[in-house]
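K.L.:
any chance you could fold what I've pasted below:
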Amino acid sequence: MKTKLNLSNLFTLKKKRVENYLKTKTSFGIIRKLNLCLILTMLLFGNGFAQRIELFCIYPPEKYLNDVTKITVLDFSGEKGKDMANQITNFLLKEDLGIYDTSGGLFKSGKKGETYQTVKTNIFSVVERNQLDKVLNEQNLSNTGLIDEQQATQIGSIMGLDAIITGSVKITSKDEEKKNTYTRKDGSTYNSYCTKRIVTVEANMKILDVKTGQILANKLVSQTNSDEKCDNERKNLRSVSDIADACVAMCAFQLVYYFNPNFVLTRFDFEKKSNKEFRAKAKEAEEYVKLYDFERAFSIFKTIYDNDPYNGQMAVNLGNIYFIYGDFANAHKYCKIAAQLEPSNKSYQQSLKFTEKITELANYYEKQGYTIEFPKLEAQEHALSSNVTTKGKKSDRFDVKASKSETSETITKVPGATQFVVIEQDEEWILIKLLGDEQGYIKRKDVK
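P.N.:
Below is the predicted model:
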């Protein structure tokens with residue numbers, strides 16, 4: 001049985017996705033599994049799906065920092081506190097936070113995952129560290145998490161900040177000794193002695209409003225990792241500090257995800273159900289989806305929907321494509337249509353709630369002074385028309401006539417192995433669509 005993630009529990013899952021991932025066995029500094037950005041099942045319904053794709057899409061944070069645009073990060077108190085601040089700052093400066101090489105992992109360099117959304121994740125203006133240190137030195141303040149509300153207000157006033165991120169880091173470790181007894185083929189036994197070093201990093205983040213000194217957000221995260229070596233290799237056991245570095249990076253990632261928009265690997269399932277009349281064209285659109293040619297797929301889905309506006313499955317597919325391009329208002333519109341068409345369909349209702357959350361994120365971007373841009377999708381004329389492909393090779397040429405006659409004017413010559421939209425046809429001639437919205441007749445014997 002396949003497990004389905006519906007949209008009603010996505011926001012619960014979001015809170016758990018990092019923790020679930022971090023329990024997975026990993027190499028230090030390299031995230032290999034996908035659990036960290038739990039695959040978001042977008043618009044998955046019981047009717048079955050025709051095509052499944054995965055892309056990175058923007059996702060709302062757990063906590064919005066309203067009226068905060070300029071921010072800085074003080075060193076956290078405790079060991080690795082400076083490293084924690086640096087990691088958080090680096091994540092905040094990333095334009096594509098959350099996008100990673102799906103074949104390698106979050107912290108592994110390589111080809112990035114693909115997104116069709118132009119939105120960026122670095123929505124806060126982050127004060128550079130040298131500017132922060134200069135002001136702190138002038139005010140005789142240390143760059144640590146040990147500042148009170150009055151000092152935060154003082155720093156913020158001088159630097160024109162809206163908020164300050166501060167906090168603490170705690171590192172604990174322990175070594176566990178273990179003896180393993182093994183039996184050789186001859187029946188004799190031998191012992192192997194192993195040491196497992198377990199390191200836990202706990203980070204407590206506090207975001208202060210510098211105007212009021214009030215706490216805007218508070219978040220506690222922790223990460224545990226370990227290293228184990230046996231016998232002569234025990235001398236190569238990684239140090240507590242080395243193991244803690246990976247934990248710090250992962251904790252910083254969790255903390256930024258708490259209040260900053262991020263990209264999540266998103267699974268889109270396009271539905272296959274359509275009326276018999278449009279089944280062939282719907283299948284053609286599915287092939288375009290498979291090729292990530294969403295504009296052509298949209299044109300067909302939209303034309304089918306316009307001819308059959310009570311088709312909830314086509315509404316779902318349109319919602320998918322709008323979402324892929326970042327047009328969240330239209331994604332919400334078509335999810336709402338699907339939910340209205342089938343009010344008893346729980347998945348449709350859950351999808352509607354999810355797209356409402358996404359439109360909230362779009363509004364948040366507007367408040368931050370960012371406009372999410374996306375292409376204007378339109379259904380093309382003759383989108384439901386059939387296609388024909390000329391015979392031969394690209395180097396071949398076939399006459400296209402102004403009328404159904406060998407003696408009529410030749411409008412143009414078209415290459416072989418080229419697909420054309422059919423406008424109308426009979427047993428001998430086919431009226432095809434040409435470049436520049438022109439049209440002409442080609443002999444049926446010249447096409448496959």
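
K.L.:
strands along the chain, start to end?
P.N.:
40-42, 49-59, 70-73, 125-126, 163-183, 189-209, 215-230, 262-271, 387-389, 397-401, 410-415, 419-425, 429-433, 439-443 (DSSP state E).

K.L.:
right, and these - which one's nearest residue 79?
P.N.:
Residue 79 lies closest to strand 163-183 among those, at 5.4 Å (CB to CB). Where C-beta positions appear, they are placed from N, C-alpha and C, glycine not excepted.

K.L.:
distance between the closest one and the chain's centre?
P.N.:
Strand 163-183 has its C-alpha centroid displaced from the chain centroid by 31 Å (CA atoms, centre = their mean, to the nearest Å).

K.L.:
could you do stretch 290-310 as well?
P.N.:
23 Å.

K.L.:
pLDDT (mean, whole number) over that stretch?
P.N.:
Stretch 290-310 shows an average pLDDT of 91 in the prediction.

K.L.:
send the alpha carbons of that stretch over as CSV?
P.N.:
C-alpha atoms of stretch 290-310 as CSV (Å, rounded to 0.1, in the frame of the first residue of the first chain):
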residue,chain,number,x,y,z
LYS,A,290,6.8,14.7,-18.1
LEU,A,291,9.1,16.9,-20.2
TYR,A,292,8.5,19.8,-17.8
ASP,A,293,6.9,21.8,-20.6
PHE,A,294,4.3,23.2,-18.3
GLU,A,295,3.2,26.0,-20.6
ARG,A,296,2.0,23.6,-23.3
ALA,A,297,0.5,21.3,-20.7
PHE,A,298,-1.3,24.3,-19.2
SER,A,299,-2.7,25.3,-22.6
ILE,A,300,-4.3,21.9,-23.0
PHE,A,301,-5.5,21.5,-19.4
LYS,A,302,-7.0,25.0,-19.5
THR,A,303,-8.8,24.5,-22.8
ILE,A,304,-10.3,21.2,-21.6
TYR,A,305,-11.4,23.0,-18.4
ASP,A,306,-13.0,25.8,-20.4
ASN,A,307,-14.9,23.2,-22.4
ASP,A,308,-15.8,21.2,-19.2
PRO,A,309,-15.8,23.7,-16.3
TYR,A,310,-17.2,21.0,-13.9
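
K.L.:
in that stretch, which of the residues would be classed as buried?
P.N.:
The neighbour-count check on stretch 290-310 (16 or more other CB atoms under 10 Å) flags 294, 296, 297, 298, 299, 300, 301, 302, 303, 304, 305 as buried.

K.L.:
closest one of the residues you listed to residue 415?
P.N.:
Nearest to residue 415 among the buried residues of stretch 290-310: residue 296, at 20.0 Å, using CB to CB.

K.L.:
which residues touch that closest one?
P.N.:
Going by CB atoms under 8 Å, 6 or more residues apart in numbering, residue 296 touches 285, 288.

K.L.:
repeat that for residue 370.
P.N.:
Counted by CB under 8 Å, 6+ apart, residue 370 has contacts 119, 120, 123.

K.L.:
neighbour count, distance to residue 185 and pLDDT added to these, as CSV?
P.N.:
Below are the contacts of residue 370 laid out as CSV (neighbours: other CB atoms under 10 Å; distance: CB to CB, whole Å; pLDDT from 0 to 100):
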residue, neighbour count, distance to residue 185, pLDDT
119, 22, 62, 93
120, 16, 62, 94
123, 22, 64, 94
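
K.L.:
could these go into a markdown table alongside distance to residue 168?
P.N.:
Output for these, formatted as a markdown table (distance: CB to CB, whole Å):
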| residue | distance to residue 168 |
| --- | --- |
| 119 | 32 |
| 120 | 30 |
| 123 | 26 |
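
K.L.:
any chance of the strands of the chain in CSV with mean pLDDT as columns?
P.N.:
Formatted as CSV, these follow (pLDDT from 0 to 100):
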stretch, mean pLDDT
strand 40-42, 41
strand 49-59, 82
strand 70-73, 93
strand 125-126, 94
strand 163-183, 94
strand 189-209, 95
strand 215-230, 95
strand 262-271, 87
strand 387-389, 84
strand 397-401, 96
strand 410-415, 94
strand 419-425, 84
strand 429-433, 91
strand 439-443, 95
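
K.L.:
among these, which comes closest to residue 361?
P.N.:
Residue 361 lies closest to strand 49-59 among these, at 6.8 Å (CB to CB).

K.L.:
hang on, the earlier thing: and the strands of the chain: which comes nearest residue 94?
P.N.:
strand 262-271 (9.2 Å).

K.L.:
so that closest one versus strand 49-59, what angle?
P.N.:
160 degrees (axes from the mean of the first three to the mean of the last three CA atoms, to 10 degrees).

K.L.:
list the beta-bridge partners for residue 180.
P.N.:
residue 192 (DSSP bridges).

K.L.:
what does residue 442 give?
P.N.:
Assessed by DSSP bridges, residue 442 has beta-bridge partners residue 430.

K.L.:
what segments of the stretch 1-150 of the chain are helices?
P.N.:
For the stretch 1-150 of the chain, applying DSSP state H, counting those that start in this stretch gives helices covering 10-22, 81-93, 129-138, 149-159.

K.L.:
winner for burial among those helices?
P.N.:
Across the helices of the stretch 1-150 of the chain, averaging neighbours per residue (mean count of other CB atoms under 10 Å) puts helix 81-93 on top, at a mean of 20.
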